[in-house]
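[1] Sequence first, predicted coordinates after that:
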Amino acid sequence: MIARKRAGIFLAVLLGSGCQVHPGGARVVNLRFSGYAGNPAETDLMAKLVTEFNRSHPGIHVGYEPVPSQYDSKLLAMLASHAAPDVFYLDAAQFEPLWRKHVLEPLDAFVARSRTTRRHDFVGSLVRAFSAKGHLYGIPKDFNTLALFYNKTLFDRAQQPYPDATWTLARLRRAAIALTRPQARPPQYGFALTDGDPDRYIPIAREFGAALFDARGDCTIASPAGIGALSWYAGLAGKDGCAVYPSEVGSSWTGDVFGRQQAAMVFEGGWLIPYLARAYPGVRYGTTELPAGPAGRSNFLFTVAYAMPKACRHKAAAWKLISYLTSSAAEAQVTFAVPSRKAASARYAEQHPRYRAILAGARYARPFAFGPEGGRVVDRLGEAVQKVFLGASSPRRALLAAAAGIAAIGGQ
Amino acid sequence: MVRKSVPGETLAAYTFLAPFLALLGIFALWPLGQAFWLSFHAFDLFSPPRWIGLANYRRLLTQGDFWISIKNTFVYTGVVVSAQTALALGLALLMDQQLRGKTFFRVAFFLPSVTSSVAIALIFTFLFVKTGFLNAALAWLHLDVVLRGFGLQTPVDWLGNPRTALWAIMAQNVWSTAGFFMIVFLAGLQAIPETLFEAARVDGASRRQLLWHVTLPQLRPTLFFVVTMGMIGCFQVFDQVYVMTDGGPLKATLTTAYLVYKEAFVNFNMGYACAIAFVLATIIFACTMVQKRLLGE
Amino acid sequence: MGCEAPIPRPPIPRDPGRWLLYVVLAAFTLFSVFPFVFSVLTSLKGQAFAPGLLPHPATLEHYRELMTASPLFLRWVLNSLVVATVSVIVLAVLSLLGGYALARIPFLGRQAVFILMLASLMIPGQVLWIPNYATLSELGWINTWWALIPGLVGSLTSGTFLVSQFLKGLPEELEEAAKLDGLSRFGTFWRIVLPLAGPAIASVSITGFMASWNMFAWPVIVLDSPSLFTLPVGLNFFKGLHVTRWTLIMAGSMFNTIPVLLVFIFFQRYFIKGIAMAGMKE
């Protein structure tokens, strides 16, 4: 076994995870940087940035380790075994659970000393998504929100005006009904929705005036507004018959239904834009902000930051990498999401008009994060939505059950 | 089979077993011990484990999800193990004779167990969707009437309907393992000494008698192996659920192993996950022992 | 494809049931092969969801893209081959040794070893991830191929189990005779048991190859550098966060499926030879 161990270490050294000596003779700090492989454009850019960083910082060598799947489980195993990378992607949904475990390094001291990475350079809601008790634990990387995607061809054919920022949910429903042709081959619907996730229902519920939690932390989703929102949302596919969910047309997500032109409208994030360009380049479409509800606007903020584990041994070097990756120069090269700096995001939306709606949503969007037990909260809400779509429960009973389930989590 | 051990023999045996036992000890039994210890603790992976006695075990008895998962797991195991064993044994018996294209059939039946799991998941998702191949085929055969007789709306969204989702995953599992177990049975059949058959034939045994009195009794060790392996695999079914349904819809495919994963990696409840895992292991162990009695080791 | 059993049994008389037999076999063949054919066809399509079963026009674009889009693709194939080959050899040797001891030597603690083996197979692997990760981290094996070992211990246990079951099914006379001739334990194993164990070796090798070749969840957790990835892990790069490139995955899966199939085709011939060599059938 000892021989094996030695061989293992030898192999590790050979593969470059040990300490290397720079050609100049000085010791080199080896950093590990890890994130999930969201899409090829992103991994390519990260690899390129890391190469450039290594070239311009002779004392530091960064190894980029993209994780192709199960990122959350892997990160957890690494953090728990004190083997986390020096810099890693931190999803907004994972922030609070991990913050409570005291494994994240606060970055305030670094930010205070930096002239290029300052809090107010970044979109405010992003900074807040990674802050707790006045401390900042992650520098936002980029973000997405939901937008209303509409198919121009289908709107033209039905002689409907294109949606714009003045639209309300009621207006969306009327248009969706007008755009539905269930007898067409293939059948065509006004809207495509998700039937098993709360990721579209929650913003709608908030637009109806519902809140997930009250000031005391009790779950209040089963309020009249929350129930009304779920009835409205499920009604699109039910009594209105103007919406379809992906599995009904043999698809796995609403963006794909949109690409196949079987739904004239969907609520999707900016990730749909490159997908359409490659998989369905013929589709003529536009984007605008999510329609407002009776109680105003809401949206989800999907965002990721660069973070550092508390156990990081090369904090100064890790900070150099973080500030390099979030520099204006680096953010100018992002092509797959909206960059996190205010200036870069504004420029981005100018260059890519379809992302304007995504940027606009960020003003009032709330992070896709549900507290320290977020995973369970999302589960319970998803179940409620699913029950209603499957006809297993009324919106009221489903949400009451979800609220009771969420309350029980706190007690455990 | 039980014979007295001899000291010298014991040493020899452990020499043969040493490398295997070392690996088993370090990477299976040691973590197993740790998991057992953790099942009596509250452990969130980060703060030090806190002793809470039997609280994890008490909690799972009262948690609805645990019981749902146990029910699903039992249905899954019962159906899949019997179906795949029967199918595999039947095919192996059919093939254990002079046949044209035997190699071809063997390779064809084995194909499902080597097709990559990602590809299988996608292919079956394709087959099972509402607009998919399965519904089209059933409608073409006019079998959709039968489905409606069961109160299902046709076309069926196989993975999206709580009444069919578990069955769809079971079908996928039977499909992908039956061929493999057939090969195992075939190996077992070919190891039966021909002399036994000849002796029986001389005694005037019919083909059916040969099957019941020579083939099947001789196959016992293989049968034990196939059923045990099938059971262990099915009781721990995780991959298919993880890839295809995430335990849904409405917990229809929530299996115990998937619940373990969720508690450990999504809910940070390592101690509780370990307790569930041990209850499941105990159940599997008990079932294996019953099985061992039945098939007589 | 005409590889018949080496020792011909008396031909079975032609009866009408034989046609039925072929119909049943053909039906099951269709059932087994269809998904594989489906994935071949999908890999040749321009778009994964293009309507119809047949690709038109058929394109090798995705295969070309595999080579160019990811510079590491061939490396992953090679890594998988190396890992699988080494695993198969180690698995076969260790399971033969262990299986022999369990089947043939009456030793103290045999029952306990058997029970521990079974127990280790019965615990859901997910709870072992964290403790095993910690052990590997202590050993300094994270991000090396040594870290894959825990992912294969299950195969080793079931392989040992399989060999022992197989040997128990063999008559013991030859070994008894060898013992009387004064052959040592190891001599008996080497000269008598090993030549008879062909089919078991084939089974353990095939299952071991499959387990190693398809190992997925564990390598993702313990391997960090893409240059060390095996093929199933690497293929997931084409499965993005929101968007999956099915055609590329299907094309890549061919590299994943075909080698295992070849191994099987190769071993299954050997399989039959092994039985002939064993000389158990007169």
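    Everything's here; your move.
[2] Tell me if I am right that A:L31 is in a strand.
    Yes - under DSSP: H, G, I helix; E, B strand; the rest coil, A:L31 falls within a strand.
[3] pLDDT score for it?
    Looking at A:L31, its pLDDT stands at 94.
[4] Can you get me a residue count around A:Q160?
    17 (other Cβ atoms under 10 Å in any protein chain shown). The C-beta positions use only the backbone N, C-alpha and C, and glycine is treated the same way.
[5] What of the one 10 residues further on?
    Around A:A170 sit 13 other residues, with neighbours defined as other Cβ under 10 Å.
[6] element containing A:F88?
    In this assignment (DSSP states H and E), A:F88 forms part of strand A:87-91.
[7] other SSEs contacting that strand?
    If you count contacts as 3 or more Cβ pairs under 8 Å, 6 or more residues apart in numbering or on different chains; DSSP states H and E, strand A:87-91 packs onto strand A:29-36, helix A:71-80, strand A:300-307, helix A:315-325.
[8] just those: most buried one?
    strand A:300-307 (a mean of 27; mean count of other Cβ atoms under 10 Å in any protein chain shown).
[9] Next, the angle from it to helix A:315-325.
    Orientation of strand A:300-307 against helix A:315-325 (axes from the mean of the first three to the mean of the last three Cα atoms, to 10 degrees) gives an angle of 140 degrees.
[10] if we can go back for a sec, comparing the helices and strands packed on strand A:87-91, which gets the lowest mean pLDDT score?
    helix A:71-80 - the lowest mean pLDDT of these, at a mean of 88.
[11] and that one, is it in reach of chain B?
    Yes - if you take Cβ under 8 Å from any Cβ of the partner chain as the test, helix A:71-80 does meet chain B, through A:D72, A:S73, A:L76, A:L79, A:A80.
[12] just to revisit the earlier point, adjacent strands (with direction) for the strand holding A:F88?
    strand A:29-36 (parallel), strand A:300-307 (antiparallel) (DSSP bridges).
[13] Redo the ones you listed as TSV? Include distance to A:Q183.
    As requested, these are arranged in TSV below (distance: least, Cβ to Cβ, whole Å):
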stretch	distance to A:Q183
strand A:29-36	43
strand A:300-307	35
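[14] Strands along the stretch 51-200 of chain A, start to end?
    A:60-67, A:87-91, A:131-132, A:135-136, A:139-151, A:189-192 (DSSP state E, counting those that start in this stretch).
[15] Please identify the deepest-packed of the ones you listed.
    strand A:189-192 (a mean of 29).
[16] Does that strand reach chain B?
    No - against chain B, strand A:189-192 shows no contacts by Cβ under 8 Å from any Cβ, the least distance being 13.6 Å.
[17] So what touches that strand?
    Outside strand A:189-192, the residues that touch it by Cβ atoms under 8 Å, 6 or more residues apart in numbering or on different chains are A:172, A:175-180, A:182, A:236, A:242-246, A:254, A:257-258, A:262-266.
[18] Checking my notes, B:T228 in a strand, right?
    No - B:T228 sits outside any strand when classified using three-state DSSP, being helix.
[19] Tell me the pLDDT of it.
    pLDDT, B:T228: 83.
[20] Using PDB, write out every CA atom in the lowest-mean-pLDDT helix or strand in chain B.
    Lowest by mean pLDDT, DSSP states H and E among the helices and strands of chain B is helix B:117-128, with a mean of 76. Extracted in PDB, the C-alpha atoms of helix B:117-128 (Å, rounded to 0.1, in the frame of the first residue of the first chain):
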ATOM      1  CA  SER B 117     -26.200   5.300 -19.800                       C
ATOM      2  CA  VAL B 118     -26.500   8.800 -21.100                       C
ATOM      3  CA  ALA B 119     -27.600   7.600 -24.500                       C
ATOM      4  CA  ILE B 120     -30.000   5.100 -22.900                       C
ATOM      5  CA  ALA B 121     -31.600   7.800 -20.800                       C
ATOM      6  CA  LEU B 122     -32.200  10.000 -23.800                       C
ATOM      7  CA  ILE B 123     -33.400   7.200 -26.000                       C
ATOM      8  CA  PHE B 124     -36.000   6.100 -23.400                       C
ATOM      9  CA  THR B 125     -37.000   9.700 -22.700                       C
ATOM     10  CA  PHE B 126     -37.700   9.800 -26.500                       C
ATOM     11  CA  LEU B 127     -39.600   6.600 -26.400                       C
ATOM     12  CA  PHE B 128     -41.700   7.600 -23.300                       C
END
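[21] Give me the contacts around it.
    So helix B:117-128 is contacted by A:250, A:252, B:112, B:115, B:132-134, B:157-159, B:168, B:172, B:176, B:239-240, B:243-244, C:35, C:38-39, C:214, C:216, C:232, C:235-236, C:239, C:246, C:249-250, C:253, C:256-257 (Cβ under 8 Å, 6+ apart).
[22] List only buried entries from the residues you listed.
    Neighbour-count burial (16 or more other Cβ atoms under 10 Å in any protein chain shown) is assigned, among those, to A:250, B:112, B:115, B:132-134, B:157-159, B:168, B:172, B:176, B:239-240, B:243-244, C:35, C:38-39, C:214, C:216, C:232, C:235-236, C:239, C:246, C:249-250, C:253, C:256-257.
[23] quick one, longest helix in chain B?
    helix B:64-95 (DSSP state H).
[24] So is that helix next to chain C?
    Yes - contact between helix B:64-95 and chain C is present through B:L91, B:L94, B:M95 (criterion: Cβ under 8 Å from any Cβ).
[25] Can you name the next helix or strand after the least confident helix or strand of chain B?
    helix B:133-140.
[26] how distant is that next one from the center of its chain?
    28 Å (Cα atoms, centre = their mean, to the nearest Å).
[27] Just the buried positions in it, please.
    Neighbour-count burial for helix B:133-140 [16+ other Cβ under 10 Å]: B:F133, B:L134, B:N135, B:L138.
[28] what's that helix in contact with?
    Contacts of helix B:133-140 (Cβ under 8 Å, 6+ apart): B:F126, B:L127, B:F128, B:D144, B:L147, B:T154, B:P155, B:V156, B:W158.
[29] What's the local residue count around residue 219?
    Assuming you mean chain A. When neighbours are counted by other Cβ under 10 Å, A:C219 comes out with 24.
[30] The chain in question should be chain B.
    Neighbour number of B:L219 under other Cβ under 10 Å is 23.
[31] which is the next helix or strand following the helix or strand where it lies?
    Assigned by DSSP H and E, B:L219 belongs to helix B:216-235. Once helix B:216-235 ends, the next helix or strand along the chain (criterion: DSSP H and E) is helix B:239-244.
[32] Show residues contacting stretch A:210-221.
    A:202, A:205-206, A:223, A:225-226, A:229, A:370-371, A:377, A:381, A:384, A:399, A:402-403, A:406-407, A:410.
[33] can you check stretch A:394-407 too?
    With Cβ under 8 Å, 6+ apart, stretch A:394-407 has contacts from A:218-222, A:226-227, A:230-231, A:234, A:376-377, A:380-381, A:383-385, A:387-388, A:392-393.
[34] Now it: buried residues?
    Going by 16+ other Cβ under 10 Å, stretch A:394-407 has these buried residues: A:P395, A:R396, A:A398, A:L399, A:L400, A:A401, A:A402, A:A403, A:G405, A:I406.
[35] What is the nearest of these to A:V283?
    A:P395 (33.0 Å; Cβ to Cβ).
[36] circling back: ok, the longest helix of chain B near chain A or not?
    No - using Cβ under 8 Å from any Cβ, helix B:64-95 stays clear of chain A, coming no nearer than 9.6 Å.
[37] which residues touch the helix or strand following that helix?
    Once helix B:64-95 ends, the next helix or strand along the chain (criterion: DSSP H and E) is helix B:102-114. Contacts with helix B:102-114, where a contact means Cβ under 8 Å, 6+ apart, come from B:91, B:95, B:99, B:120, B:175-180, B:182-183, B:186, C:1-5, C:25, C:28-29, C:32-33, C:35-36, C:210, C:257, C:260-261, C:264-265, C:268-269.
[38] residues near the closest residue to chain C within the stretch 151-300 of chain A, how many?
    With Cβ to the nearest Cβ, the shortest gap between the stretch 151-300 of chain A and chain C falls at A:W271, namely 4.0 Å. A count of neighbours around A:W271, defined by other Cβ under 10 Å, yields 20.
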